[in-house]
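S.K.: Fold the following, please.
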Amino acid sequence: MQIRRKNSQAARLPVLSISGALQSQRQAEVLPENFRPGCYLRNSTGVVSLSGMQKIILVAVFTLIFTLSAAAQRKPAPPNKPAHVAPAASAPAAPSPVHEADRVFSHGEDAARDRQSLELIERAVASDPNNYQLLWRLARSSYYVGDEAPSSEKVKYFERGIEAAQKAVALQPGGVEGHFWLGVCYGGVAEVRSALKALQIVKKIRAEMETALRLNDRYEDGNAYLALGEMDRELPRLFGGSTSRAIATLEKGLSVAPKNLNLRLALAQAYLDAGRRDEAVRQLQEILQAPLNPARAREQRSIQEKARKLLAR
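M.R.: Numbers count the residues shown, from 1 in each chain. As a prediction, this is how the structure comes out:
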């Protein structure tokens, strides 16, 4: 919108007030007599003085405008949030003795590893003597270390295993592991004792292995069938041995654990004892054709070597 000016010379007053010193006194004298700029232009000195003040005001105004504009564009700072404190890194949990013992244990493949497993379990049992999981593992490791020990040291390991397994059975009568390894350690003692003492232990072995079968006949790949079948096969009939019962037990075990080469070899030997050579040969040939389990390679190679010798008879 335009404002109509009544006096063209008056319209130039703002310019005069800003430019100040650019106009001479002579130009001021030709202004109409009735022109009264009031206090804005009382004399030339006043104009110069007022013009300097206006410059200061303009600079202040521009500075204020710039400051307000910058403040409007500036985003308000977000409220301070509590600094996130990362949780202190916790030390990695120490592996359990059970896990470590199982990791090292080799089932007779490496005697040094089995001794190391036994040492781990013995230290753990010393601080936790009523732990079922530790106790039956102590019996297991004691048997394997004793089996590899010199003849003069075997019994102490087997008896240590018996003691641990008995405690395990007392703590958890329904646990197959305690009964199974108790029977195995009894068997270890029977192997190194005299025949008479061994016969006194047979009933204990049978009782523990029959209990293991009732609880879980697949435990340790059906080896409770192997223990019972081998006792029936090797014992004289006078002392409770029976070839027919051995064959029935071993056949049942093989149906439960068909990859158990020890069971298959024992069954082949029982067939030979019963005069059933063709059936024995089939079992022996299957042993030779079976792929080896890397975790039990040493044991299974030994079984295959025994099978070759039986076939060569």
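S.K.: where does this structure dip in pLDDT?
M.R.: 1-94 (pLDDT under 70).
S.K.: Show me the strands in it, by range?
M.R.: Using DSSP state E, the chain contains no strands.
S.K.: start to end distance for stretch 251-270?
M.R.: Stretch 251-270 has its terminal residues 10 Å apart, counting by C-alpha to C-alpha, to the nearest Å.
S.K.: List the contacts of it.
M.R.: 217-218, 221-226, 229-230, 233, 243, 246-247, 250, 279-281, 283-284, 286-287, 290, 293, 299-300, 303-304, 306-307, 310 (C-beta atoms under 8 Å, 6 or more residues apart in numbering). From N, CA and C alone the C-beta is placed, and that goes for glycine too.
S.K.: Give me the buried entries from those residues.
M.R.: 217, 221-226, 229-230, 233, 243, 246-247, 250, 279-281, 283-284, 287, 290, 300, 303-304, 306-307, 310 (16 or more other C-beta atoms under 10 Å).
S.K.: Which of the contacts of stretch 251-270 fall within helices?
M.R.: Residues of these located in helices (DSSP state H): 223-226, 229-230, 233, 243, 246-247, 250, 279-281, 283-284, 286-287, 299-300, 303-304, 306-307, 310.
S.K.: what's near enough to touch K204?
M.R.: 183, 186.
S.K.: State the distance from it to A274.
M.R.: Taking C-beta to C-beta, to the nearest Å as the measure, K204 falls 27 Å from A274.
S.K.: and stretch 256-272, which residues are buried?
M.R.: 257, 260-272.
S.K.: could you redo these as TSV and give each row distance to L213?
M.R.: Shown next, in TSV, are the buried residues of stretch 256-272 (distance: C-beta to C-beta, whole Å):
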residue	distance to L213
A257	12
N260	14
L261	20
N262	16
L263	13
R264	18
L265	20
A266	16
L267	17
A268	22
Q269	21
A270	18
Y271	22
L272	25
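S.K.: just those residues now: which is nearest A112?
M.R.: Checking the buried residues of stretch 256-272 against A112 by C-beta to C-beta gives N262 as the nearest, at 23.3 Å.
S.K.: Among the buried residues of stretch 256-272, which lie within helices?
M.R.: Short answer: the buried residues of stretch 256-272 in helices (DSSP H) are 261-272.
S.K.: which of those lies closest to E163?
M.R.: Nearest to E163 among those is N262, at 26.5 Å by C-beta to C-beta.
S.K.: sorry, back to before: and the buried residues of stretch 256-272, which two are the farthest apart?
M.R.: Taking C-beta to C-beta, no two of the buried residues of stretch 256-272 sit farther apart than A257 and L272, at 21.1 Å.
S.K.: re the thing from before, and of the buried residues of stretch 256-272, the nearest to D114?
M.R.: Checking these against D114 by C-beta to C-beta gives N262 as the nearest, at 18.1 Å.
S.K.: could you measure T211 against D278, distance?
M.R.: 36 Å.
S.K.: now K167
M.R.: To D278, K167 is 48 Å away according to C-beta to C-beta.
S.K.: Likewise for R308?
M.R.: Distance from R308 to D278, counting by C-beta to C-beta: 18 Å.
S.K.: Looking at the two, which has the bigger crowd around it?
M.R.: For R308 versus D278, the count of surrounding residues by other C-beta atoms under 10 Å is larger for R308: 11 against 7.
S.K.: Chain neighbours aside, what residue packs nearest to that one?
M.R.: Leaving aside its chain neighbours, R308 sits nearest to L288 (6.8 Å; criterion: C-beta to C-beta, 6 or more residues apart in numbering).
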